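K.L.:
Below is the sequence, then the predicted model.
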Amino acid sequence: MSEGKKLDATRMHKYDAEVTNLIFEYMRDRLSMPEVPLDFPGDKKVLADALAGLMKPEGNPASEVLKLYDEVISRAVVSGDSPRFMAFIPTAPTKAALLFDMIVSCASIQGISWLEAAGSISAENQVLRWMADVAGLPQSAGGTFVSGGSAANLAALTVARETGRKNRGLKDRAPVRIALSKQAHSSIGNSLAILDVEPLIVETAGYSMSVADLTAALARCTPDEPPVVGVVATAGTTNAGILDDLAGIGKYAQANNLWFHVDAAYGGAGLLAPSTKSLFAGIELADSITMDPHKWWFAPFDVAAILYREPHLAAAVHTQDASYLDVLHEDSDLINPTDLAYHLTRRARGLPLWFSLAVNGTAAYSDAVEASIQLTREVADLVRAHPDLELVIEPTLSVLLWRKIGWEPKDYRALQDRLIESQAAFVTPTSWEGETVGRFAFVHPGTTLDMVREVFAAI
Ligand SMILES: *Cc1c(COP(=O)(O)O)cnc(C)c1O
């Protein structure tokens, strides 16, 4: 007879004061930096060499792995939260939000269902209610936090498709279409492809979609084509910060039984700034809104809000049906966060924002958003005053497109390389009407006009 070998299965789960101190020290260091280093794009081969052999049965000393992380891995990640990160859409989490994110991780705080997580769900819902109020949505509104704007858009468009079919008495899987303009974010097109919903591309006379553009596109539809059941408007395009005519499109959508989805993933925070709030008039008509706290609402990755005017419509589409989950749905008055998007297990990723909002107050958020908008206007003045630079279009929110007269695409790429090499800034070009141009996106309240001057000094 063999005697069962006694397994030491709990050795990973014991408190280790030394490792804990190492990690806390690292975090304290990082949090106390006046400005985090920008760091560098990495070299795949160098990184593979540094990582080689790390996975082995007996493990490695934590101090060595942390050292490798600090000295090699983390240096090969360009810091999206550096005030010198002006490419794509940066991130700028508050200290309170970063700290609370550690609590969410440390305590494995989830936000799946009311049965298990009434506390975290109540707190997350308080933030969602505040965001709904900021957008002017009615008391009925509700939603959940998902991993990103892409996931939020997919969740909303799934509900748009199903509600559109139901409203029209169409059968399951009946072909339907959703209208959008070319300026809509790539995730909208991807979501429609996943959903097998054909896009109706609305040609726009200007850079933003007007209700006239929409009605002209709808007028060209023929009865043999699948019905259009919804329209997507963008409140702040990622490339240029432009807003569609939310009021016109929203009123038309309401009057014509179209689901009105507003993608405000980047721009939505502009609602907080007194100088841009009015641009969003009409957003309150939305059936669903995407807003990304990990962009301009100063929360750490990864968190996006999906808000629905009538959350029960979303629950009707997204609730997962499985025997072991039946117990979650005994109280039909309570909608679980997990029932409002395509996900099941979820961390309470809204809590860092909740804590930071409660601690800092909403006015601090307005000030921080307004600061980026003011900076954008000052940079626009700088460009106008510069003999070799031009504005490509007037900025609306906190994205600014500029060109250097006579520059070719390779010049913008070379500037990008020079700036990251000197650690002055991370700036990437974009294209506008077929032309390669310079682009800034500002969301970090620590970004200064002098930092932008350093960029222009390098051209
Ligand atoms: C960033 C963005 C998205 C995608 O959001 P992720 O969080 O990156 O998935 C969608 N729509 C717009 C308008 C965006 O700016």
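P.N.:
Nice, thanks for sending it over. Here the structure is a predicted model, which is why all the values come from computation and not from measurement.
K.L.:
Which residues of the stretch 151-300 of the chain lie near the ligand?
P.N.:
153, 185, 187, 234, 238, 263, 265-266, 292 (CB under 6 Å from any ligand atom). All C-beta spots, glycine's among them, are computed from the backbone N, C-alpha and C.
K.L.:
most surrounded residue in the residues you listed?
P.N.:
With neighbours taken as other CB atoms under 10 Å, the top of these is residue 263, carrying 31 neighbours.
K.L.:
coming back round to it: export the residues of the stretch 151-300 of the chain next to the ligand to JSON lines and tack on secondary structure and pLDDT?
P.N.:
Listed next are these as JSON lines, based on DSSP: H, G, I helix; E, B strand; the rest coil; pLDDT from 0 to 100:
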{"residue": "153", "secondary structure": "helix", "pLDDT": "98"}
{"residue": "185", "secondary structure": "coil", "pLDDT": "98"}
{"residue": "187", "secondary structure": "helix", "pLDDT": "98"}
{"residue": "234", "secondary structure": "strand", "pLDDT": "98"}
{"residue": "238", "secondary structure": "coil", "pLDDT": "97"}
{"residue": "263", "secondary structure": "strand", "pLDDT": "99"}
{"residue": "265", "secondary structure": "coil", "pLDDT": "98"}
{"residue": "266", "secondary structure": "coil", "pLDDT": "98"}
{"residue": "292", "secondary structure": "coil", "pLDDT": "98"}
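K.L.:
So what does the spatially most central residue of the chain look like in phi/psi?
P.N.:
Geometric centre of the chain, nearest residue: residue 292, 3.5 Å, by CA atoms, centre = their mean. According to degrees, to the nearest 10, the main-chain angles of residue 292 amount to phi -100, psi 100.
K.L.:
so what's it up against?
P.N.:
Contact partners of residue 292, counting by CB atoms under 8 Å, 6 or more residues apart in numbering, are 89, 148-149, 152, 265-266, 268, 303-305.
K.L.:
Whichever residue of the chain sits closest to the ligand: how many residues sit nearby?
P.N.:
The minimum distance from the chain to the ligand, using CB to the nearest ligand atom, falls at residue 149 (2.4 Å). Burial measure for residue 149: 27 neighbouring residues, criterion other CB under 10 Å.
K.L.:
Would you mind listing the residues in contact with residue 441?
P.N.:
For residue 441, the set of contacting residues under the criterion of CB under 8 Å, 6+ apart consists of 86-90, 266, 398-399.
K.L.:
buried subset of those residues?
P.N.:
Members of the contacts of residue 441 that pass the buried threshold by neighbour count (16 or more other CB atoms under 10 Å) are listed as 86-90, 266, 398-399.
K.L.:
Return the subset of the residues you listed lying in strands.
P.N.:
Using DSSP state E, the members of the buried ones among the contacts of residue 441 that fall within strands are residue 399.
K.L.:
so residue 120 makes contact with residue 352?
P.N.:
No. The pair residue 120 and residue 352 fails to qualify as a contact (CB atoms under 8 Å) at a distance of 11.5 Å.
K.L.:
Number of residues surrounding residue 331?
P.N.:
Residue crowding around residue 331 was assessed by other CB under 10 Å; the count is 10.
K.L.:
In a helix, it, correct?
P.N.:
No. When classified by DSSP: H, G, I helix; E, B strand; the rest coil, residue 331 is found to be coil rather than part of a helix.
K.L.:
Could you find the closest non-adjacent residue to it?
P.N.:
Spatial nearest neighbour of residue 331, chain neighbours left out: residue 114 (7.0 Å); criterion: CB to CB, 6 or more residues apart in numbering.
K.L.:
what are the phi and psi angles of the one you found?
P.N.:
Dihedral angles of residue 114 (phi, psi; degrees, to the nearest 10) stand at phi -60, psi -30.
K.L.:
same check, this time on residue 212
P.N.:
Summarising the backbone geometry of residue 212 under the convention degrees, to the nearest 10, its torsions are phi -70, psi -40.
K.L.:
What strands flank the host helix or strand of residue 261, and is each parallel or antiparallel?
P.N.:
Assigned by DSSP states H and E, residue 261 belongs to strand 259-263. In the sheet containing strand 259-263, its partner strands are strand 228-234 (parallel), strand 288-291 (parallel), by DSSP bridges.
K.L.:
In contact with the spatially closest residue to residue 149 that is not a sequence neighbour: list those residues for me.
P.N.:
Excluding its sequence neighbours, the residue lying closest to residue 149 (CB to CB, 6+ apart) is residue 265, at 3.1 Å. Taking CB under 8 Å, 6+ apart, we find residue 265 in contact with 148-149, 152-153, 185, 238, 290-292, 295, 304.
K.L.:
got the residues of the stretch 301-450 of the chain near the ligand?
P.N.:
Counting by CB under 6 Å from any ligand atom, the residues of the stretch 301-450 of the chain close to the ligand are residue 304.
K.L.:
all strands of the stretch 301-450 of the chain, in order?
P.N.:
All strands of the stretch 301-450 of the chain, identified by DSSP state E, counting those that start in this stretch, fall at 304-308, 389-391, 399-404, 430-432, 435-441.
K.L.:
so how far is the second one from its chain's centroid?
P.N.:
When you say that, I think you mean strand 389-391. The chain centre lies 29 Å from the centre of strand 389-391; the measure is CA atoms, centre = their mean, to the nearest Å.
K.L.:
go on, the last one?
P.N.:
Using CA atoms, centre = their mean, the mean C-alpha position of strand 435-441 is found 20 Å from that of the whole chain.
K.L.:
Tell me what angle that strand forms with strand 399-404.
P.N.:
140 degrees (axes from the mean of the first three to the mean of the last three CA atoms, to 10 degrees).
K.L.:
Using PDB, write down the CA coordinates of strand 435-441.
P.N.:
Listed next in PDB are the C-alpha coordinates belonging to strand 435-441 (Å, rounded to 0.1, in the frame of the first residue of the first chain):
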ATOM      1  CA  GLU A 435      -2.800  63.300 -45.700                       C
ATOM      2  CA  THR A 436      -0.400  62.400 -42.900                       C
ATOM      3  CA  VAL A 437      -0.600  65.000 -40.100                       C
ATOM      4  CA  GLY A 438       0.600  65.600 -36.600                       C
ATOM      5  CA  ARG A 439      -1.800  64.900 -33.800                       C
ATOM      6  CA  PHE A 440      -2.000  65.600 -30.000                       C
ATOM      7  CA  ALA A 441      -4.500  64.100 -27.600                       C
END
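K.L.:
neighbouring strands for it, and are they parallel or not?
P.N.:
As assigned by DSSP bridges, strand 435-441 forms pairs with strand 399-404 (antiparallel), strand 430-432 (antiparallel).
K.L.:
Could I get the average pLDDT for the first one?
P.N.:
Read that as strand 399-404. Confidence over strand 399-404 (mean pLDDT, whole number) is 98.
K.L.:
what's the spacing between that strand and its chain's center?
P.N.:
On the basis of CA atoms, centre = their mean, the separation between the geometric centre of strand 399-404 and that of its chain is 22 Å.
K.L.:
so of the strands paired with strand 259-263, which one's packed in deepest?
P.N.:
With neighbours defined by mean count of other CB atoms under 10 Å, none of the strands paired with strand 259-263 is more surrounded on average than strand 288-291, at a mean of 31.
K.L.:
who touches the helix or strand just after it?
P.N.:
Heading C-terminal from strand 288-291, the first helix or strand you meet, by DSSP H and E, is helix 293-296. The list of residues contacting helix 293-296 from outside it, by CB under 8 Å, 6+ apart, reads 89-93, 145, 148-149, 265-270, 299-305, 350, 353, 369, 372, 398, 443.
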